[in-house]
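Trainee: have a look; sequence and predicted model below, questions after that.
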Amino acid sequence: MAPRLEAPGRPWMEADLRAFPRDNHRYEIVDGALHVSAPLDDEHQRLVEHVTADLRTAVPPGWTVAGGVGVHAGDSYLTPDVTVLRPGSPKGGAWVDPSDVALVVEVECPSSRRYDRCVKPGLYADAGIEAFWRIERRGSGAVAHLYNRAAGGHYDLHRSVNPGQCVTAELPYAVQVAPAAWHA
């Protein structure tokens, strides 16, 4: 039987996240409220690995491409699937400041689709993160939606890259985006 989660009678905080079991669920805090995602499936993990590999292949010296690094923004603690850190950013911590982050990538799952499309982009944009990629899973293959932060503090869709297309994304650095290559 799974342990019962009890609300602390106050907004959830980072220290609360450390107490949760390592059970393949994703525990995040949005404005002090707990959000729990279902365990991620194999297709999700493969997509994350391929996107991470592509970003690492093109990474300039000093930049870092990381998985499992959380972003702490105000009362929110979010864990993107992939985080690209700027040169000179602190390394090795569980949480980074949004000013150290140039790109976050979220790969959608059936259980996280609305969260990845509606909630997280707004939080990342509010935190000042320059670029956001959302990888949508479709029967015909993955589609990469590349967003840039606009002057108004929200994300504008720069372009969508469909299966069979290959484009060069400029943010956070020049990298080839070819969703057809992400299927294994």
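Mentor: Sure, I can see it.
Trainee: count the neighbours of residue 24 for me.
Mentor: 9 (other C-beta atoms under 10 Å). All C-beta spots, glycine's among them, are computed from the backbone N, C-alpha and C.
Trainee: quick one: contacts for it?
Mentor: Residues in contact with residue 24 (C-beta atoms under 8 Å, 6 or more residues apart in numbering) are 39-40.
Trainee: let's see 7 Å
Mentor: By C-beta atoms under 7 Å, 6 or more residues apart in numbering, the contact set of residue 24 is residue 39.
Trainee: quick check: the gap between it and residue 45.
Mentor: For residue 24, the distance to residue 45 equals 10 Å [C-beta to C-beta, to the nearest Å].
Trainee: could you do residue 107 as well?
Mentor: Taking C-beta to C-beta, one finds residue 107 at 9 Å from residue 45.
Trainee: comparing the two, which residue is more hemmed in?
Mentor: residue 107 (26 against 13).
Trainee: longest helix in the chain, by residue count?
Mentor: helix 42-58 (DSSP state H).
Trainee: check the secondary structure at residue 15 for me.
Mentor: Assigned by DSSP: H, G, I helix; E, B strand; the rest coil, the conformation of residue 15 is helix.
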